[in-house]
Every structure is written in structure tokens, then in C-alpha cells.
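Participant: Kindly generate the corresponding structure for this input.
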Amino acid sequence: MSPEAAMWLSRIAHVAIPVLLLAAISGCAADPVDAKRTASTAILEAGVPDDAPGCSAAIAVDGEVVWAEARGLANLATDTDFERSTPIHIGSVGKQFTAIAVLMLADRGELSLEHSPAVYLDGLPEWVQQLTLNDLLHHTSGIEDVLSLPPSMFGTPPLTNVDALEFVRTSPLAHPGTPGEFDYSNTNYALLADIVTAVTDTEFTAWMETNVFAPLDLEARIGPPIASDPMGYEGDASAEFAEVEAWPWVLNGAGFVTMTVSDLVRWGEQLREPSLVSAETLADALSNGAPLDDGSTYGPGLFVFPDGSLGHPGDGAGLYTAFGVSADRQTTGAIACNQDGIDMDGMADDLVGIWFTERPDQ
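Facilitator: Below you'll find the model as predicted:
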């Protein structure tokens with residue numbers, strides 16, 4: 001998690017509304033929802049140049065997209081615009097989908113969150129016996145994050161779940177942490193994806209499409225980027241933008257989900273009125289997360305903040321995403337950008353300030 005994303009997460013529940021902007025626009029608009037939309041579009045226009053790598057953002061209320069906008073370019077070489085319909089890799093924001101899959105299987109009695117991962121995956125070392133699937137969900141396993149290690153340790157890219165599982169099975173470096181203590185590790189969620197495959201006898205990506213994305217009419221792809229996806233960049237408008245190399249890893253379960261931000265915010269309704277898992281199972285997973293020093297907890301692929309709001313950042317290969325759900329679970333927001341020179345966190349704060357503080361029909 002980048003320092004910028006951590007900063008945004010720490011502020012999402014306590015932002016100041018951009019009062020002057022919204023009030024000025026509201027004075028000229030009869031419909032307060034239209035005023036919010038206009039103010040939101042103005043934020044994106046002010047923060048994203050139209051001739052540089054850009055951003056896409058959206059807000060949903062009760063599962064319905066009420067505002068969506070995009071600005072800038074998805075690819076400089078092809079002069080391709082960033083559209084509202086442009087899917088983008090959302091990074092670790094995708095962990096919540098893996099978590100829901102595991103909770104679904106727990107609801108169905110096909111696995112137990114109290115079982116060790118060794119119950120479902122063969123060849124794991126003895127120390128894994130003391131861990132549970134809950135430890136993987138909440139990042140309290142102490143397992144090393146493979147994405148924090150030099151790729152050269154693992155072989156020739158692309159590196160996959162197979163490489164991560166073999167690392168856990170055989171490497172003395174795999175368990176440096178203390179079980180029970182929060183320590184964010186992408187390896188945890190790769191193992192959860194492997195467990196979904198093992199339990200269902202269906203490859204993880206296929207199971208997710210059939211059981212999670214298709215039932216909710218969400219278009220999402222799990223796996224490596226394709227040529228039409230937005231390119232990630234580093235730099236800013238005062239210098240030449242440089243393309244960021246693709247990650248050497250394709251670690252399903254830990255993220256590597258590509259979708260539009262409009263579909264991402266529609267997904268937020270599952271965190272208010274879940275249809276894929278029981279409300280009791282979801283509430284239990286959200287309320288029994290691992291405690292962090294700032295008073296928040298880590299639930300099922302989501303940070304849970306003291307006021308009850310939810311969020312998660314995602315980044316990788318020059319692509320950045322911020323996702324948040326209001327404390328009353330009625331409003332979901334997301335923004336995704338394909339360069340590091342944009343103040344994405346500031347724009348996210350402003351959008352949260354406009355939409356999360358009151359119902360949009362007020």
C-alpha cells in the first residue's frame with residue numbers, strides 16, 4: 001500500500017466538504033443532485049488535464065450509478081481517451097471479491113473459516129497448521145508478501161499463484177511474522193484463491209465469473225493486462241511521461257481485477273444488502289477484523305474505519321484506484337487514474353465530501 005493511498009484511507013471518514021464550490025453551484029441549480037454532479041465534474045476537470053494520462057470516477061447510491069465521468073488519456077501512444085466505459089486494473093481493491101468468494105463457500109458449508117489452509121492445500125509446512133482461513137482474510141497469518149521480494153527469487157516472469165504457493169511450501173523466508181498480528185500480505189489472498197479452486201474443483205477465474213460477476217451483471221476480468229487496457233505512467237505534465245513496465249506477477253486473488261469504476265461502485269450495494277452471502281456472515285467478517293494502530297480494522301478485503309465506513313486502495317504498474325463506502329453503506333465511490341502525478345487522493349477527498357455526507361436527494 002503506497003503512502004499516498006494510506007493517507008487517503010486515513011482521511012476518508014473525516015473529510016471537509018468543498019462547501020464553497022458546492023454552494024456556489026447549488027445556488028444556480030434547482031436540483032441538488034444535479035448540483036452534486038456538476039461539482040463532481042468540476043473537480044475532475046480541475047484536477048486532470050485533457051491531454052495527459054487521466055482518471056475515471058463514479059458514485060453509486062443504493063446500487064445505482066448517479067454520477068460518472070472520465071478525463072484525460074488512457075494511452076498516450078495511441079491517443080486513446082479515458083472513457084467512462086474504460087476498464088482499468090483496480091489492484092488490491094479486488095481483494096474484496098476474493099473475500100466474498102470465500103465467505104460464500106463458508107455459507108454453503110464447503111469450507112470453514114476456522115480450518116487451517118493445510119486442510120485444503122497439499123504440501124504446506126507444519127507451521128501452517130496453526131493458521132486459519134480467517135488469518136488469511138484479515139492478514140494475520142505472518143506469511144511473507146511475495147510482491148515485496150525480488151522477482152528474481154522466483155524465476156522468469158510472468159510469476160503466478162503457482163510460484164507463490166511453492167514459496168510458502170518450501171522457503172524458509174515464507175513465515176517471518178507473528179500469527180495474530182496484522183501484517184498486510186498479498187500472499188494471503190493468493191492462497192485464498194487457490195483454496196477456492198481446490199474446494200470447488202473449478203479454476204478461480206472461471207468460478208468468480210460464474211458465481212460472483214455474472215449474477216450481478218458486472219463485467220470484470222481477472223488476470224494479466226491486455227493491449228486495450230490503459231497504460232500506466234509516471235511523471236507529470238512538466239516532463240515527459242514514461243510508461244511503467246507491467247508487473248512481473250499475475251497473482252490472482254490478491255487483485256489483478258480489471259473493470260470500470262461504474263461497475264465497481266455498483267458492486268458496493270453488496271456491502272449494504274448482500275445477495276451472494278448472508279447478511280450475518282458479511283457482518284461477522286466486517287466486525288471481527290484485525291485491529292490497526294489508527295483505530296481501523298482489516299475485514300474481508302476491506303479496511304473498516306472507526307465510524308463504520310469502508311475503503312481500500314489499489315496500485316500497480318502506474319495504475320491507482322481508491323474505493324470507499326459510506327458508513328450507512330448507501331453511497332459508494334471510486335476513482336482510478338493511470339499516472340502518479342495527479343492528486344487522486346485530493347479529488348477522492350472532495351468527492352467523498354460532496355456525496356458521503358448526506359443523501360443525494362437532500
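
Participant: Excluding sequence neighbours, find me the nearest residue to residue 56.
Facilitator: Counting by CB to CB, 6 or more residues apart in numbering, residue 56 lies nearest to residue 70, which is 4.0 Å off, once chain neighbours are set aside. All C-beta spots, glycine's among them, are computed from the backbone N, C-alpha and C.

Participant: what's the burial count for that neighbour?
Facilitator: 23 (other CB atoms under 10 Å).

Participant: Over to residue 278?
Facilitator: Neighbour number of residue 278 under other CB under 10 Å is 14.

Participant: thinking again about what came up before, my understanding was that the residue nearest to residue 56 contacts residue 88; is that so?
Facilitator: No. Assessed by CB atoms under 8 Å, residue 70 is found out of contact with residue 88, at 9.9 Å.

Participant: any common contacting residues for these two?
Facilitator: Common contacts of residue 70 and residue 88 (CB atoms under 8 Å, 6 or more residues apart in numbering): residue 56.

Participant: same for the strand or helix carrying residue 166, what does it pack against?
Facilitator: Secondary structure assigned from DSSP states H and E places residue 166 in helix 161-170. Applying 3 or more CB pairs under 8 Å, 6 or more residues apart in numbering; DSSP states H and E, we find helix 161-170 packed against helix 186-200.

Participant: Just want the angle from the helix it packs on to helix 161-170.
Facilitator: 100 degrees (axes from the mean of the first three to the mean of the last three CA atoms, to 10 degrees).

Participant: Counting neighbours, which bits of helix 186-200 end up buried?
Facilitator: 186-200 (16 or more other CB atoms under 10 Å).

Participant: just stretch 276-295 next, same as before
Facilitator: So stretch 276-295, judged by 16+ other CB under 10 Å, has buried residues 276, 277, 281, 282, 285, 286, 289, 290, 292.

Participant: low-scoring stretches of this protein, by residue?
Facilitator: For the chain, residues meeting the criterion pLDDT under 70 lie at 1-30, 237-238, 358-362.

Participant: How about the residue nearest the centre of it: what's its closest non-neighbour residue?
Facilitator: With distances taken as CA atoms, centre = their mean, residue 93 lies nearest the centre of the chain, 0.5 Å away. Spatially, and ignoring its direct neighbours in sequence, residue 93 is nearest to residue 314 (3.9 Å; CB to CB, 6+ apart).

Participant: got the contact list for the one you found?
Facilitator: Residue 314 touches 5, 89, 90, 91, 92, 93, 94, 255, 320, 321, 322, 323, counting by CB under 8 Å, 6+ apart.

Participant: sec struct for it, please.
Facilitator: Secondary structure assignment for residue 314 (DSSP: H, G, I helix; E, B strand; the rest coil): strand.

Participant: Kindly report the same for residue 263.
Facilitator: helix.

Participant: Next one: it relative to residue 339, how far apart?
Facilitator: Separation of residue 263 from residue 339 (CB to CB, to the nearest Å): 22 Å.

Participant: and if you look at residue 69?
Facilitator: From residue 69 to residue 339 the distance is 17 Å (CB to CB).

Participant: Name the residue in these two with the higher neighbour count.
Facilitator: Shown here are residue 69 and residue 339; by other CB under 10 Å, residue 339 has more neighbours (29 against 22).

Participant: hey, what's that one bridged with?
Facilitator: Taking DSSP bridges as the rule, residue 339 bridges to residue 233.

Participant: doesn't residue 70 make contact with residue 80?
Facilitator: No. In terms of CB under 8 Å, residue 80 does not count as a neighbour of residue 70; the distance is 11.5 Å.

Participant: which one is residue 326 nearest to, not counting chain neighbours?
Facilitator: Nearest to residue 326 is residue 356, by CB to CB, 6+ apart, at 4.4 Å.

Participant: That neighbour and residue 145, how far apart?
Facilitator: From residue 356 to residue 145 the distance is 31 Å (CB to CB).

Participant: just to revisit the earlier point, and the buried residues of stretch 276-295 as CSV, adding distance to residue 172 and secondary structure?
Facilitator: As requested, the buried residues of stretch 276-295 are exported to CSV (distance: CB to CB, whole Å; DSSP: H, G, I helix; E, B strand; the rest coil):
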residue, distance to residue 172, secondary structure
276, 39, coil
277, 37, coil
281, 36, helix
282, 37, helix
285, 32, helix
286, 35, helix
289, 29, coil
290, 25, strand
292, 28, coil
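
Participant: Let's have those in JSON lines, adding distance to residue 46.
Facilitator: JSON lines is the format used below for the buried residues of stretch 276-295 (distance: CB to CB, whole Å):
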{"residue": "276", "distance to residue 46": "38"}
{"residue": "277", "distance to residue 46": "40"}
{"residue": "281", "distance to residue 46": "42"}
{"residue": "282", "distance to residue 46": "37"}
{"residue": "285", "distance to residue 46": "38"}
{"residue": "286", "distance to residue 46": "35"}
{"residue": "289", "distance to residue 46": "36"}
{"residue": "290", "distance to residue 46": "37"}
{"residue": "292", "distance to residue 46": "33"}
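
Participant: Please consider this matter closed, and thank you.
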